[in-house]
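Colleague: can you look at this prediction? I've put the sequence above it.
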Amino acid sequence: MSNSEEDRRRKYEEALEIKSLRRIISAFLNYPEAAEEDLKRYERSFRRLSQADKALLSHLPEKYQRMRRCISRNTFFIFEMLKAFDPPLDISQDPDICKQDPQNVSNNTKETNHCSCVPASSRKEFHPEGGEASVNATGELNVTTSPPPDWLDPSLQMRVPLVDVDKVRCIIRNIVRDWAAEGQKERDQCYKPILEELELQFPNRSKESPPSCLVPGAGLGRLALDISCLGFASQGNEFSYYMMICSSFILNQTERANEWTIHPWIHSNCNSLSDNDQLRPILIPDIHPASAGITEGFSMCGGDFVEVYGDASQVGAWDAVVTCFFLDTAHNITRYIEIISRILRDGGVWINLGPLLYHFADLYSQDDEMSIELSLEDVKKVAVHYGFQLEKEKTIETTYTANPRSMMQTIEKGISLDGGRDLLKSRILFRPCFQLLVTGYCVDGRSLLFIFC
Ligand SMILES: C[S@@+](CC[C@H](N)C(=O)[O-])C[C@H]1O[C@@H](n2cnc3c(N)ncnc32)[C@H](O)[C@@H]1O
């Protein structure tokens with residue numbers, strides 16, 4: 001490719017990324033308006049009740065007012081988070097991507113821009129020791145603590161589809177999984193078995209030369225942080241700006257445990273045991289990340305796993321790779337497995353936990369997106385082909401971003417697999433080194449029994 005073609009391609013990719021970022025920022029900024037629209041809908045429905053039913057449910061208007069206060073508090077948190085975000089590109093102008101020639105853009109770029117979370121193609125590392133002071137969110141609502149950056153000017157805000165605002169609501173629920181005391185049970189189900197396996201596999205860790213561990217699809221970063229605290233040089237990798245903006249804020253900007261208050265469960269009126277349950281506040285983060293005892297070398301790396309770790313510089317670079325609820329995010333799971341195999345050093349360990357609920361399955365989009373959806377049996381076959389040998393297999397029941405007080409719980413049933421690895425490079429013979437914990441999937445529920453007499 002000539003220099004000018006390369007340049008044009010780079011500019012086009014940059015323009016796409018700026019557009020994505022502006023859309024994501026707008027989704028965060030649209031959060032209060034979208035929530036207010038929901039509230040107005042609830043109020044309209046309430047007004048359509050008969051007088052008798054209105055009298056029976058006379059507390060509902062007050063509930064909607066309480067919800068407004070919860071939304072203000074969530075908005076306050078979101079706004080403080082955005083103010084702390086340092087965009088990797090100048091997003092103050094809306095680029096005209098039509099001026100660029102899309103023919104010159106690789107398929108790979110097109111593919112990532114159709115993903116359910118808009119990816120960050122640039123690499124950016126976050127370090128928990130950095131950052132400025134932030135202010136307590138339990139203070140006055142709608143208080144702003146420092147002037148917002150130019151790119152947060154309301155004139156730049158676009159109206160985005162509701163599906164984008166839904167992603168913001170997802171992030172708020174994800175915060176409970178990773179950074180609230182209420183998420184501890186779920187973390188014990190999902191992260192603890194992984195941490196225990198890491199302990200078993202690397203019993204003699206030294207502070208001076210800690211084993212390295214990569215966590216692709218790290219979400220909001222808690223697992224990567226816990227692995228770091230266990231004595232690993234840990235790196236989380238994540239391609240969604242929604243996730244990265246939030247994890248960066250919690251990892252870099254938090255001053256103390258329980259600094260912020262959010263109301264994660266307000267956006268669903270279904271399966272609540274009581275209004276108080278639905279509106280309850282959650283304090284975050286449950287720990288202060290910077291004083292949690294991280295090991296030197298902890299970082300979060302933004303970018304698509306395939307792009308970043310498919311690079312030749314990554315071959316044999318990692319002692320361990322941990323994938324948690326990540327494998328099924330692939331368009332092509334065999335490529336993920338191939339890369340994991342390539343980046344592990346000889347004798348390295350891969351630990352996986354999660355379902356095979358392929359993210360691109362059943363997407364009836366017009367784009368004919370690639371989605372290779374393998375059974376567990378075939379996943380194991382591909383892993384063996386790429387030099388892995390199964391060491392352990394266990395079944396684990398987990399939830400994913402579940403509201404622990406909801407009447408409805410989605411349980412993900414897990415199997416874990418045990419094996420040793422035929423080394424790709426026969427030079428060194430190490431202990432067996434591959435665990436695959438793979439979950440099946442089922443939906444369960446808790447029902448209530450009423451007895452009237
Ligand atoms: C289901 S979530 C799991 C997050 C976290 N591991 C957990 O257990 O809570 C999958 C994560 O992988 C990220 N992801 C998906 N495809 C990715 C890719 N190609 N490169 C990097 N991250 C990716 C998503 O943005 C999302 O945060």
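Modeller: Okay, I see it.

Colleague: what about the stretch 101-250 of the chain, any weak spots by pLDDT?
Modeller: 101-145 (pLDDT under 70).

Colleague: who in it is up against the ligand?
Modeller: Counting by C-beta under 6 Å from any ligand atom, the positions of the stretch 101-250 of the chain adjacent to the ligand are 117, 177, 190, 216-219, 237-240, 243. All C-beta spots, glycine's among them, are computed from the backbone N, C-alpha and C.

Colleague: so which residues of the stretch 151-300 of the chain form helices?
Modeller: In the stretch 151-300 of the chain, the segments counted as helices under DSSP state H, counting those that start in this stretch are 162-179, 184-190, 192-201, 222-229, 241-248, 275-279.

Colleague: out of these, which gets nearest to A290?
Modeller: Nearest to A290, of all the helices of the stretch 151-300 of the chain, is helix 222-229, at 10.1 Å by C-beta to C-beta.

Colleague: what helices or strands is the closest one leaning on?
Modeller: On a contact count with 3 or more C-beta pairs under 8 Å, 6 or more residues apart in numbering; DSSP states H and E, helix 222-229 meets helix 162-179, helix 184-190, helix 192-201, strand 212-216, strand 233-238, strand 318-324.

Colleague: which outside residues touch the first one?
Modeller: For helix 162-179, contacts defined as C-beta atoms under 8 Å, 6 or more residues apart in numbering pick out 23-24, 26-28, 30-31, 34, 74, 78, 117, 182-183, 186-187, 219-223, 242-243, 246, 250, 262, 264-265, 267, 282, 284-286, 400-401, 403.

Colleague: again with the fourth one
Modeller: Residues from elsewhere that reach strand 212-216 (C-beta under 8 Å, 6+ apart): 198, 223-224, 227, 232-237, 297, 305, 309, 317-324, 326, 336, 340, 343.

Colleague: so after the longest strand anywhere in the chain, what's the next helix or strand?
Modeller: Ranked by number of residues, the top strand in the chain under DSSP state E is strand 344-353. As assigned by DSSP states H and E, the chain's next helix or strand after strand 344-353 is helix 376-385.

Colleague: show me where the stretch 251-400 of the chain dips below the pLDDT cut-off.
Modeller: 363-366.

Colleague: residue numbers of it in contact with the ligand?
Modeller: 304-306, 324-326, 329.

Colleague: so which of the residues you listed comes closest to E208?
Modeller: For those, the nearest to E208 is C324 (27.8 Å; C-beta to C-beta).

Colleague: ok, the closest one to L223 distance?
Modeller: 6 Å (C-beta to C-beta, to the nearest Å).

Colleague: quick one: which of these two has more around it?
Modeller: L223 (26 against 22; other C-beta atoms under 10 Å).

Colleague: re earlier: in TSV: the helices of the stretch 151-300 of the chain, plus distance to A55.
Modeller: What follows is these, written out as TSV (distance: least, C-beta to C-beta, whole Å):
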stretch	distance to A55
helix 162-179	33
helix 184-190	40
helix 192-201	50
helix 222-229	47
helix 241-248	43
helix 275-279	18
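
Colleague: which of those sits closest to S146?
Modeller: Short answer: helix 241-248, nearest of those by C-beta to C-beta, at 16.8 Å.

Colleague: helices and strands around that closest one, which ones?
Modeller: Contact here means 3+ C-beta pairs under 8 Å, 6+ apart; on that basis helix 241-248 packs against helix 3-47, helix 60-84, strand 125-126, helix 162-179, strand 233-238, strand 299-302.

Colleague: quick one on the thing from earlier: turn the helices and strands packed on helix 222-229 into JSON lines, columns for distance to V349.
Modeller: Shown next, in JSON lines, are those (distance: least, C-beta to C-beta, whole Å):
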{"stretch": "helix 162-179", "distance to V349": "23"}
{"stretch": "helix 184-190", "distance to V349": "18"}
{"stretch": "helix 192-201", "distance to V349": "5"}
{"stretch": "strand 212-216", "distance to V349": "9"}
{"stretch": "strand 233-238", "distance to V349": "13"}
{"stretch": "strand 318-324", "distance to V349": "5"}
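
Colleague: of these, which is nearest L89?
Modeller: strand 233-238 (17.4 Å).

Colleague: give the other helices and strands that that closest one contacts.
Modeller: strand 212-216, helix 222-229, helix 241-248, strand 299-302, helix 305-309.

Colleague: between it and helix 192-201, what angle do the directions make?
Modeller: With axes from the mean of the first three to the mean of the last three C-alpha atoms, to 10 degrees defining the directions, strand 233-238 sits at 150 degrees from helix 192-201.

Colleague: now the angle from strand 233-238 to helix 222-229?
Modeller: Going by the same axes, to 10 degrees, strand 233-238 makes 170 degrees with helix 222-229.

Colleague: just checking: what are the partner strands of strand 233-238?
Modeller: Strand 233-238 has the following sheet partners, assigned by DSSP bridges: strand 212-216 (parallel), strand 299-302 (parallel).

Colleague: mean neighbour count, those: which tops it?
Modeller: Here the criterion is mean neighbour count by mean count of other C-beta atoms under 10 Å, and of these the winner is strand 212-216, at a mean of 27.

Colleague: hmm, back to that, buried deepest among the helices and strands packed on helix 241-248, which one?
Modeller: strand 233-238 (a mean of 26).

Colleague: any chance you could list what contacts that one?
Modeller: 120, 210-219, 221, 223-225, 227-228, 244, 247, 295-303, 305, 308-309.

Colleague: closest to A15 out of the helices of the stretch 151-300 of the chain?
Modeller: helix 241-248 (15.6 Å).

Colleague: skipping its backbone neighbours, what lies nearest the residue sitting nearest the centre point of the chain in space?
Modeller: Central residue of the chain (C-alpha atoms, centre = their mean): G219, 2.6 Å from the mean position. The shortest distance from G219 to any non-neighbouring residue, by C-beta to C-beta, 6 or more residues apart in numbering, is to M243 (5.6 Å).
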